[in-house]
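In: From the sequence below, what's the structure:
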Amino acid sequence: MKMMARRESVPLDCKVYVGELGNSGNRHELEDAFGYYGPLREVWVARNPPGFAFVMFQDSRDARDAVRALDGK
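Out: Below you'll find the predicted structure:
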C-alpha cells in the first residue's frame, strides 16, 4: 500500500500511460526510451494482467514532450 500512496502523489500531468506492451515490456526499456525526454520519478510495469505501464516524470513538460514524440510508436 505504501507504494500506491507514493504513486498517487505524482501529479497527473506527469504520468504517461504506455499501452500495448505485450508480455515482453520491461522497466529498463521504458527507462531508456522515456528517460531521453527528462528525469523520471518512477516506471511501473503491470504484471497481472501484463501489457501496460505508467511512466512518471519529474516535470510535466517532459511528459508532454515524450507523448508527442512517442505516441503511436
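In: C-alpha from now on. contacts and neighbour counts both.
Out: Will do.
In: ok, the spatially most central residue of the chain to S24 distance?
Out: Central residue of the chain (CA atoms, centre = their mean): V55, 1.2 Å from the mean position. Taking CA to CA, to the nearest Å as the measure, V55 falls 16 Å from S24.
In: Tell me who's in contact with the residue nearest to the centre of the chain.
Out: Counting by CA atoms under 8 Å, 6 or more residues apart in numbering, V55 touches K15, V16, Y17, V18, L30, F34, L40, R41, E42, V43, W44.
In: Skip the chain neighbours and tell me the closest residue to it.
Out: By the measure of CA to CA, 6 or more residues apart in numbering, the closest residue to V55 outside its immediate chain neighbours is V43, 4.6 Å from it.
In: burial count for the one you found?
Out: If you count neighbours by other CA atoms under 10 Å, V43 ends up with 19.
In: now swap in S24 and tell me
Out: S24 has 8 nearby residues by other CA under 10 Å.
In: any idea whether it is helix, strand or coil?
Out: coil (DSSP: H, G, I helix; E, B strand; the rest coil).
In: so A33, which of the three states?
Out: helix.
In: Now for it, how many residues are close by?
Out: 12.
In: now do the one 4 residues further on
Out: Burial of Y37 is recorded as 18 neighbouring residues (other CA under 10 Å).
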